[in-house]
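> Predicted model and sequence below, questions to follow.
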Amino acid sequence: MSNEILNSLLKEYQQKKLNAELDLERRKENLYQAVPRLRQIEEDLNYAAINTAKSILNTGKDSTATLQEKFSNLKKEKDDILSTMNLSKEYLTPFYECKICQDTGYVMDKNYKTQMCNCLKQKLLDYSFHQSNMSNLEQENFANFNELIFSNEVDVAKYRLNISPRSNMINIKNKCMEFVKNFNNPAQKNLLFTGNTGLR
C-alpha cells in the first residue's frame, strides 16, 4: 500500500472529523436558540471544570466538593432538558462515523502507543480488494464455472495437448480448488498462470 493512498484516506478522515464537528456546532446553535438555558448550562459547566482544575493545582489535592456538586447538578439539568425534548445525552457530542478513533484513523493502545484503527485498516483492505479486480466474486467463482464453453475436441496440432481444452480446464479448476482448500498448508505449492497479454 503506497503512502499516497494512505495520505488520501487520511485526508478523507480529516474531512469527516471536521464535518462531524461542524455539524455539532450547527446542532448546538439551533438548540441554544430554542432553549437559551442550555447555552448558559454549557458555559457554567466549562467554568466549573476550569475552577476545579485550578483548585486542584493550587491546593495540590482535590478539595472541590462544592464545585463537584455544582457540576453534577448542572449536568443533570442539561440531561433533563434534553430528555424532555426527546434527545439523547449524546446529542451534544459529535456524531463521528467511527466512535473508536473519532474519525482520526488512529487509536492509542494500552501502552500509549498510536496504532491504526480497525476502520482505517478495513478501508485499506477494501481499496486493495477493489484494485485486485476481485470485486465480482459473486459471479466469477467456482460455482459458476461452465466447462461447456470449452471445446471437447482433442487437437494436438492446435493446442499442443493430447487432451481437449475442456478436460484441460477441468484439470486446472481442480488444481485451483485444491490450492484454495490447502491454502494454509505450508507444504502447498503456489500457482503460476502464464499466457499472452490479454488472455484470461
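Thanks, I have it. Quick caveat: nothing in here was measured; it's all calculated off a predicted structure.

> ranges for the strands of this protein?
106-108, 114-116 (DSSP state E).

> Put together a markdown table for those, with mean neighbour count and distance to Gln139 on each row.
Bear in mind the C-beta positions are built from the backbone N, C-alpha and C, glycine included. Compiled in a markdown table, those are given as follows (neighbours: other Cβ atoms under 10 Å; distance: least, Cβ to Cβ, whole Å):
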| stretch | mean neighbour count | distance to Gln139 |
| --- | --- | --- |
| strand 106-108 | 13 | 37 |
| strand 114-116 | 12 | 32 |
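
> Would you confirm that Asp103 contacts Lys16?
Yes. Counting by Cβ atoms under 8 Å, Asp103 touches Lys16, with 4.5 Å between them.

> Those two: which has the busier surroundings?
Asp103 (24 against 17; other Cβ atoms under 10 Å).

> And the residue nearest to the more buried one when sequence neighbours are not counted, how close does it get to Thr84?
Excluding the flanking residues, the one nearest Asp103 by Cβ to Cβ, 6 or more residues apart in numbering is Lys17, at 3.9 Å. The spacing between Lys17 and Thr84, counted by Cβ to Cβ, to the nearest Å, is 31 Å.

> The two - which one has more neighbours?
Lys17 (19 against 9).

> isn't that one right up against Gly105?
No. The pair Lys17 / Gly105 is not scored as a contact, 9.2 Å apart, by Cβ under 8 Å.

> need the helix or strand of this protein with the lowest average pLDDT.
helix 36-59 (a mean of 82; mean pLDDT, DSSP states H and E).

> where's the most centrally placed residue in the chain relative to Ala20, distance?
Centroid-nearest residue in the chain, with Cα atoms, centre = their mean: Cys119, separated by 2.1 Å. Per Cβ to Cβ, Cys119 is found 14 Å from Ala20.

> who touches both of the two?
Shared contacts of Cys119 and Ala20 (Cβ atoms under 8 Å, 6 or more residues apart in numbering): Glu97.

> Contacts only, for the residue nearest to the centre of the chain.
By Cβ under 8 Å, 6+ apart, the residues touching Cys119 are 97-98, 100-101, 105.

> Please repeat the previous calculation with a cut-off of 6 Å.
Cys98 (Cβ atoms under 6 Å, 6 or more residues apart in numbering).
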